[in-house]
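Engineer: Structure of the sequence below:
(one chain, ligands or ions: 1)
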Amino acid sequence: MSDEHFDFFVIGGGSGGVRAARIAAGHGAKVGLAEANRLGGTCVNLGCIPKKLFAYAADYGLHLQDARGYGWRTGHRAFDWKTLRDAKDREIARLNGIYETMLKNAGVALHNGHARFVDTHSVAVGEQNVTADTILVATGGHPRLPDIPGREHLVTSDDMFCLAELPDSIVIVGGGYIGVEFARIMLGLGVRVTLIHHGDMVLRGFDMDIRRFVCKELASHGVELILNTEMTGVRRVDERSLTVETDAGRAHTCGLVLAAIGRRPNINGLDPDAANVETNAEGHILVDENHATSARHIYAVGDVSSALQLTPVALAEGHMVADMLFSGKPSRQMDYDCIPTAVFSNPPISAAGLTEEQARARGYDVETYSSRFTPLKHTISGRDERTLMKLVVDRKTHRVLGCHMAGLDAPEIMQGFAVALRLGATKDDFDRTIGIHPTSAEEFVTMRTPDAKRKP
Ligand code: NDP
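Structural biologist: Residues are numbered from 1 along each chain as shown. So this is what the prediction gives:
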């Protein structure tokens, strides 16, 4: 065993870990990083990036259909799953290489292997033992499976990215980000989709109007949406088909069952106890507002510690910790208010700030403005897809508290409005802003009449 000592040792080469390592090295620290798998973590390998590429693939199918309304005759259409999957793999391999080059150029020493705490300052990575003054845990998370008979037949989002072939039908269980996104992707690629959700509406945490709208859109686009229903078991019927049993007494036969019921932190084999790092019942590492764990020189960022499992949050947390430890300047604290988010569904959904329900719960006297319309693009495309845009405004100060959209380009539009909300923009500021015409985005600055009196 050879020992090497670092100022900063990062466990996990995903979004949070890579950002922290690069920034710390840039500040002059001697940095090492351990990663057991491919660099880039969930986002690059099994999450945001491949998912968005798949969503683009699904979009192309719809565009080809839309094009007919615009006069294009496109002939016979066929989709080849292996072409998409392999092109995605090549792009991910390219990104893995970029991450490696980036880290090496920054002077970060890469250790390929699974890391395990030996004690509060030592980490074993494979055959090597490293020591460090400060350590960052950024090991991310993994999909969790329900505890039901037949769980061995389920696949998770990890598996969806490398399927040998597309099934002709899929049952997706879970109405969160992954469930709704894969419903859209699979449907767009020609797979028959059933979405089973145990609640009465998908996308908990989003504005109720948006949630209602999304349920309607999913159903009208052809997703069989089954609400208030629990999956109770899965049985293999034959090589190509499975049966999903539910507490509603109905059985659903399909080619694949995707469990998308949330994720758990990656602490298996890490042995946080050996370093006196405390975790909660679900395995999340407990951190304070500076991301320090119960062992003061050990920090944790991203999905392993954060309630908000979003790549940009992990990036910001990693950056913040590296600045705080090595920049020599007072660092800014993370601000978890007003974090914009998006679900790359069909249509896509995006939000910044408070939902109407959250605003009311915080005691605001709320006024809302909303607009529902068919986007210009779909007036003649023939696609039956609508847009919903909504503003949540504090009646007293006119401050815009929340901005919500389900519709074409929602995530691209929301990023800019998130800046306005962060700056404390009021409805009057929105009203004074000249729209860009003709766009959907201009609706956010042209909504003049508050929604009719609503129930508090
Ligand atoms: P989510 O927490 O988003 O959704 C989980 C879904 O499963 C919810 O609808 C939840 O219902 C339901 N659920 C929870 N437990 C059970 C159970 N025992 N049986 C049946 N259903 C259950 O998790 P995902 O797995 O979809 O995604 C994990 C995280 O990854 C997300 O929370 C998000 O932070 C991140 N992510 C972000 C994306 C993006 O930014 N675009 C894309 C994909 C993932 P309910 O909540 O109503 O109880």
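Engineer: ok now do the most centrally placed residue in the chain, which residues does it touch?
Structural biologist: Centroid check for the chain by Cα atoms, centre = their mean gives residue 310 as the closest residue, at 5.2 Å. With contact taken as Cβ atoms under 8 Å, 6 or more residues apart in numbering, residue 310 is in contact with 339, 341. C-beta coordinates here come from the backbone N, C-alpha and C atoms, glycine included.
Engineer: same check, this time on residue 69
Structural biologist: Taking Cβ under 8 Å, 6+ apart as the test, what residue 69 contacts is 380, 381, 382, 383.
Engineer: For ChimeraX, write the selection for the buried entries among those residues.
Structural biologist: Command for ChimeraX that selects the buried part of the contacts of residue 69, burial taken from 16 or more other Cβ atoms under 10 Å:
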select :381,383
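Engineer: any idea which of the contacts of residue 69 is the one closest to residue 193?
Structural biologist: residue 383 (17.4 Å; Cβ to Cβ).
Engineer: which residue sits closest to the closest one in space, ignoring its chain neighbours?
Structural biologist: Spatial nearest neighbour of residue 383, chain neighbours left out: residue 66 (5.4 Å); criterion: Cβ to Cβ, 6 or more residues apart in numbering.
Engineer: and if you look at residue 332?
Structural biologist: Once flanking residues are discounted, residue 332 sits nearest to residue 320: 6.8 Å by Cβ to Cβ, 6+ apart.
Engineer: Now do the one you found against the ligand, distance only.
Structural biologist: 19 Å (Cβ to the nearest ligand atom, to the nearest Å).
Engineer: what's the distance between that residue and residue 41?
Structural biologist: Distance, residue 320 to residue 41, by Cβ to Cβ, to the nearest Å: 18 Å.
Engineer: the more surrounded of those two?
Structural biologist: A count of neighbours by other Cβ atoms under 10 Å puts residue 41 above the other of residue 320 and residue 41, at 29 against 22.
Engineer: Run a quick neighbour tally on the residue nearest to residue 383.
Structural biologist: Around residue 66 there are 18 residues (other Cβ under 10 Å).
Engineer: cool, residue 3 as well?
Structural biologist: The burial count for residue 3: 9, using other Cβ under 10 Å.
Engineer: Not counting sequence-adjacent ones, nearest residue to it?
Structural biologist: residue 129 (5.4 Å).
Engineer: Quick one: residues in contact with the helix or strand that the one you found is a member of.
Structural biologist: In this structure, residue 129 sits in strand 128-137 according to DSSP states H and E. Under the criterion Cβ under 8 Å, 6+ apart, residues 1-12, 17, 20-21, 32, 34, 111, 113, 118, 121-124, 270, 272, 275, 277, 285, 293, 297-301, 304-305, 318, 321, 325 lie in contact with strand 128-137.
Engineer: What are the buried residues along it?
Structural biologist: In strand 128-137, counting by 16+ other Cβ under 10 Å, buried: 128, 130, 131, 132, 134, 135, 136, 137.
Engineer: With stretch 222-241 instead?
Structural biologist: So stretch 222-241, judged by 16+ other Cβ under 10 Å, has buried residues 223, 225, 226, 229, 231, 234.
Engineer: Residue 215 contacts residue 225, doesn't it?
Structural biologist: Yes - taking contacts as Cβ atoms under 8 Å, residue 215 lies within contact range of residue 225: 6.2 Å.
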